[in-house]
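> Using only what follows, build the 3D model:
(one chain, ligands or ions: 1)
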Amino acid sequence: MNRSYDVIVIGLGIMGAAALWRVASKCTRSLGIDASGPSHCHGSSHGASRIFRRAYWEGEKYLQLLNHADLLWKELEQVTQRHLLFRTGGVFIGDKSSRIVSGSIETAKKGKIEHEVWIASDARKHLPAFNIQDEMAVVYEPGAYAISASEARLAMLNDAVLNGAFTEFGNNVVKLEKHGTGVRVTTKSGCIYFAGSVIVTTGPWITTNLMPELTRFLEPRRVPIYWFKPKAGCETPFSQEQFPIFLYERQDGGLLYGVPSIVSNEPDVKIGFHNRQQSPSLPGWENVPVQHRYITEIPPIIESIFPKLEGIPTQAKNCFYTMSHDESFLIGHSKALESTYFASACSGHGFKFAPAIGDALANMAIGQQASFSLSAFSVDRFN
Ligand SMILES: Cc1cc2nc3c(=O)[nH]c(=O)nc-3n(C[C@H](O)[C@H](O)[C@H](O)COP(=O)(O)OP(=O)(O)OC[C@H]3O[C@@H](n4cnc5c(N)ncnc54)[C@H](O)[C@@H]3O)c2cc1C
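Numbering: from 1, shown residues only. Model (predicted):
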């Protein structure tokens, strides 16, 4: 077996799957390695759905990446002939002066993104599922959508393989070393591979052994997500047609997000806190149940926002956020090891960017320029 590759991608969550997909589309000899199986429920990318939106309250620095990602998500859907994107539109709800409302409007205007701003009385007519108070406003982005998350990741891996990429599952990489101008990659099972360059996308595990230079900038946190059933006879307001993907900022600053059911194996409405209920934790391979105190906190919150939902969740699961100090991403090349590139693109909002980040990593790994500047995501901003 030939053990030399132009590019090896380590960690095939959504970032690594996207990187391998883009590397393979650029006709390079490539290998993707993942510690787990092709489909698993550890780390950050598992589950049925993720949100895509461009009227990004977090700021215009994300716009170029978002625009590029939007094109590539649509290309993925077209190339693989799978239904991966569910055009639900998106609503961003908060007090009129909240960061969610003002930030979404600002980015939508800067990015010339189609949007509408609704006052509370109008919003109640459009969004029968939500309790919207008089002092609130809603930004509606018709072009926002839900991504079929696990399917999209598998579609990328399939297409990468069809384009000649090799994959190896169930074998974790334990060491990276300099080898000429490239990298020597050692796995736990004792395999040794050589690569012209390496892309490390190991999600919350990136802070463990492979990229010690990033450890002090990142903190993996376990975060719960919940599913809720509509009350009997109240199903229609939660259908994909009437229930867009949403962000909802409460007056105490608590930010919730949610997605209607888009696949039959995850029925009910998925809702989670973006900025509460986070527990610093090392990632592992076991299924840890959601803490009881978090589950008991949730029903009154859900009942106050969604009077037509049962407040007790039908399911609760954990996932991982890998948080940076400023809740943005770390993307770049290693200072410790030549020809090694990485992306820790999470902070709880990285999925939507994956094809664009994967494309940028692929370009860097094959010695080409990324099609946009990634300086805003460099580690240097913390120095
Ligand atoms: C509950 C929840 C909801 C979210 N919602 C959204 C959303 O709506 N929209 C959005 O844009 N983002 C969202 N995010 C964030 C998004 O899901 C993450 O940014 C993204 O999944 C990060 O993917 P990743 O590939 O970096 O990491 P991971 O998915 O964790 O992948 C890392 C991979 O590396 C492998 N690995 C680890 N160590 C090794 C090793 N040594 N050798 C080989 N392989 C290794 C693991 O097996 C794993 O497959 C959400 C996150 C969570 C947790």
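
> which residues of the stretch 1-150 of the chain score low on pLDDT?
Along the stretch 1-150 of the chain, the model assigns pLDDT under 70 to residues 1-2.

> would you list every one of the helices in it?
Listed in chain order, the helices of the stretch 1-150 of the chain (DSSP state H, counting those that start in this stretch) span 14-25, 63-80, 99-110, 120-126, 149-162.

> Determine whether any part of the second one lies close to the ligand.
When you say that, I think you mean helix 63-80. No. With C-beta under 6 Å from any ligand atom as the criterion, the ligand is not reached by helix 63-80; the gap is at least 9.1 Å. Heads up, the C-betas are built off the backbone N, CA and C, glycines and all.

> Repeat that for the first one.
Yes. Looking at helix 14-25 against the ligand by C-beta under 6 Å from any ligand atom, the contacts come from Ile14, Met15, Gly16.

> Most neighbours among the residues you listed, which one?
Counting neighbours by other C-beta atoms under 10 Å, Met15 leads the residues of helix 14-25 next to the ligand with 34 neighbours.

> Against Ser373, how distant is that residue?
19 Å (C-beta to C-beta, to the nearest Å).

> re the thing from before, please identify the deepest-packed of the helices of the stretch 1-150 of the chain.
Stretch with highest mean neighbour count among those: helix 14-25 (a mean of 30; mean count of other C-beta atoms under 10 Å).

> Measure how it sits relative to helix 149-162, angle-wise.
Angle, helix 14-25 to helix 149-162, by axes from the mean of the first three to the mean of the last three C-alpha atoms, to 10 degrees: 30 degrees.

> Would you mind confirming that Gly11 makes contact with Thr202?
Yes. Here Gly11 reaches Thr202: they are 3.6 Å apart, a contact under C-beta atoms under 8 Å.

> shared neighbours of those two, anything?
Here Gly11 and Thr202 have Ala35 as joint contacts, going by C-beta atoms under 8 Å, 6 or more residues apart in numbering.

> rewinding a little: show me which of the residues of helix 14-25 next to the ligand is closest to His292.
Ile14 (29.9 Å; C-beta to C-beta).

> pretty sure the closest one contacts Ala354?
Yes. Here Ile14 reaches Ala354: they are 4.4 Å apart, a contact under C-beta under 8 Å.

> Any regions of the stretch 201-350 of the chain where pLDDT drops low?
In the stretch 201-350 of the chain, no residues with pLDDT under 70.

> for the ligand, what are the nearby residues on it?
Checking the stretch 201-350 of the chain against the ligand by C-beta under 6 Å from any ligand atom, the hits are 201-205, 210, 223, 225, 272, 319-321, 345-346, 348-350.

> If you count neighbours, what's buried in stretch 277-297?
Gln277, Gln278, Pro283, Val290, Tyr294, Ile295 (16 or more other C-beta atoms under 10 Å).

> and the end-to-end length of it?
10 Å (C-alpha to C-alpha, to the nearest Å).

> And for that stretch, what's in contact with it?
Under the criterion C-beta under 8 Å, 6+ apart, residues 36, 41-43, 203-205, 208, 219-224, 226, 313, 316-318, 320-321, 323 lie in contact with stretch 277-297.

> ok, now which ones touch the residue in the stretch 151-300 of the chain that the ligand sits nearest to?
Across the stretch 151-300 of the chain, the shortest distance to the ligand (C-beta to the nearest ligand atom) belongs to Gly203, at 2.3 Å. By C-beta under 8 Å, 6+ apart, the contact set of Gly203 is Gly11, Gly13, Met15, Gly43, Ser44, Ser45, Pro283, Phe320, Thr322, Ser344, Cys346.

> go again using 10 Å as the cut-off
Gly203 sits next to 11-16, 42-45, 220, 283, 320-322, 343-346, 350 when contact means C-beta atoms under 10 Å, 6 or more residues apart in numbering.

> What about the residues you listed, which are in strands?
Pro220, Phe320, Tyr321, Thr322, Ala343, Ser344 (DSSP state E).
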